[in-house]
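>>> no sequence for this one, just the structure:
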């Protein structure tokens, strides 16, 4: 069965739709050819046609492309060519002036999102062509997130019928998860972790160490991550905690235990995201210090939280 | 990445765990060999060992079986043999006295659940052996479900930026969905749609026509479905609307439009579930009548709501 509701929630997000439509209206003229990369229900293709694009190529590997075709017909949107398949393997009859995409998940690093954008830039975009978004950054802060923590890691502290489920707790503490809606109090200032300029980026794995001073004392549960996406000059779509809600939500990297932190303490997180086999493996090594003394040290990775698929290993 | 949280929600459900533990304690003795079919995190295997089973075979095709192994070790549960793979293709060294399973989704008809139980009964269960559950029934009623309807079908009435998304609305109205939590007022008495006795069942597709008289006037949005699972004599796990919540939720088959119904009206639904390619296709043909006159007639199917995967057709 097709996850129509998931596409629906994304397509219906009004702040996302308005930002993309404004950005596309700014960069599209009557001679513009557009590639809608991972078109889903075809929303951006319709915006591109409405902005007057000469031609739109809409690539989508999921069966939802059939619905995108019907929706385009219902909106009298001509000159959209739908192409079923992965953008990494299909060909286009011409190079385009604009590549528009929203192939992120919770964060811009999602499956092969960055590799797909690099591939589309190299194979489909004219020299000097425009990417929408053109750049994205990921930001982080130490967070108190009791609701999220309880529904992911804490869930396992009491197994049903007196069973010991600590192995599941250990796995849950090595998982990048979605922040529960409304949860999350920042205990530090936000820091930019990485910035990706899609016009130039060549790497798909990212690593940088962040260091914070605790700004508000509290019980810290881990690190919250969000993104800022620059769709065009001055048009930014941000999932930051001080922004109105977006469909994407925010990401949470838990610690193995909740830690009471005080304002004279420092938190350092060496955070990396390695694209392995078209999936991101997240690694976060945390040190909590006071007066130069280490209070806590954690080393976590989503690689340890995922289970080895023995069937896959055999093949 | 592995959907640990999904398994967690199911494993942690206290009403489910208690009912299965009670049922297993009743049917297991010191000489009992047990098959835990689709063991997930291995909860039922642990209950079976605790009840004194001589031997437990725990089959699971998802990588979560690695976690089940660790959890069994953490609970000193010996004599459990974990077998990675599909129960339809693996072999066991002996026939068992008890087959325990919970391979349903929203409803007991879920992927190849019934076919897997028939296969396990025929290949793995001793003559006269016990199935837990031994029987399940699915029940239905006409329902007013404004919250569910709005989040599935109604979502598409207003497309963002004035776009016409009625093709997506049409697809959403052909989808079996989960009832929103707390939503759903019955407008008719419940009816049993089908009863499956796993000791005898040979068919995996089901069809029966239901007929109701409207008991409370209201705005009807479709049909709600739930199940009753007989785990052992007198031990029933039910997702009925008058029961405390269970992790499974309830299923909703929408109508294409909301219909105001009155107490002198009748609703007839010819409902079928056909197992096609190890997935259930649901078809529901509805007639709403007053004084022998047809007021509305709908013909819906999840086959029409799913998109044809053109890549699959080609292969």
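Happy to help now that I have it. Because the structure is predicted, anything quoted here is derived from the model rather than measured.

>>> the domain parsing of chain A - what is it?
Here the domain parsing of chain A from automatic domain parsing is A:4-102, A:136-307.

>>> Just confirm residue A:303 contacts residue A:283, I think it does.
Yes. Assessed by C-beta atoms under 8 Å, residue A:303 is found in contact with residue A:283 at 7.3 Å. Using the backbone N, CA and C atoms, a C-beta is placed for each residue, glycine as well.

>>> Of the domains of chain A, flag the one that's most buried.
Mean neighbour count, computed with mean count of other C-beta atoms under 10 Å in any protein chain shown, is highest for domain A:4-102 among the domains of chain A, reaching a mean of 20.

>>> still on that earlier bit, next, format the domains of chain A as TSV and append mean pLDDT.
Listed next are the domains of chain A as TSV, based on pLDDT from 0 to 100:
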stretch	mean pLDDT
domain A:4-102	96
domain A:136-307	95
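
>>> wait, which of those domains is closest to residue B:128?
Relative to residue B:128, the nearest member of these by C-beta to C-beta is domain A:136-307, separated by 28.5 Å.

>>> coming back round to it: same list as before, the domains of chain A that is, but in a markdown table and with distance to chain B included.
As requested, the domains of chain A are exported to a markdown table (distance: least, C-beta to the nearest C-beta, whole Å):
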| stretch | distance to chain B |
| --- | --- |
| domain A:4-102 | 4 |
| domain A:136-307 | 4 |
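
>>> which ones are touching the residue lying closest to residue A:264 once chain neighbours are set aside?
Nearest residue to residue A:264 in three dimensions, chain neighbours excluded: residue A:290, at 6.1 Å (C-beta to C-beta, 6 or more residues apart in numbering or on different chains). For residue A:290, the contact set (C-beta atoms under 8 Å, 6 or more residues apart in numbering or on different chains) comprises A:262, A:264-266.

>>> of all the domains of chain A, which lies closest to residue B:226?
That would be domain A:4-102 among the domains of chain A, by C-beta to C-beta, at 20.1 Å.

>>> end-to-end on the closest one?
This stretch, domain A:4-102, spans 17 Å end to end (C-alpha to C-alpha, to the nearest Å).

>>> chain center to that domain, what's the gap?
19 Å (C-alpha atoms, centre = their mean, to the nearest Å).

>>> Sketch out the strands for the stretch 51-200 of chain A, chain order is fine.
Along the stretch 51-200 of chain A, counting by DSSP state E, counting those that start in this stretch, strands occupy A:55-60, A:80-84, A:96-101, A:125-132, A:135-144, A:177-178, A:185-186, A:191-197.

>>> Give me the packing partners of the last one, helices and strands only.
Just to be clear, that refers to strand A:191-197. Where contact means 3 or more C-beta pairs under 8 Å, 6 or more residues apart in numbering or on different chains; DSSP states H and E, strand A:191-197 is packed against strand A:135-144, strand A:206-213.

>>> Run the angle between the shortest one and strand A:135-144 for me.
When you say that, I think you mean strand A:206-213. Interaxial angle, strand A:206-213 versus strand A:135-144 (axes from the mean of the first three to the mean of the last three C-alpha atoms, to 10 degrees): 40 degrees.

>>> Give me the distance from the helix or strand just after strand A:206-213 to the chain's centre.
Next helix or strand after strand A:206-213 toward the C-terminus (DSSP states H and E): strand A:218-232. On the basis of C-alpha atoms, centre = their mean, strand A:218-232 sits 11 Å off its chain's mean C-alpha point.

>>> what's the residue nearest to the spatial centre of chain A in contact with, if anything?
Nearest to the geometric centre of chain A sits residue A:107, at 1.5 Å (C-alpha atoms, centre = their mean). Counting by C-beta under 8 Å, 6+ apart, residue A:107 makes contact with A:138, A:225-227, A:251.

>>> okay, the residues you listed in TSV with distance to residue B:80 next?
Listed next are the contacts of residue A:107 as TSV, based on distance: C-beta to C-beta, whole Å:
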residue	distance to residue B:80
A:138	43
A:225	39
A:226	43
A:227	44
A:251	36
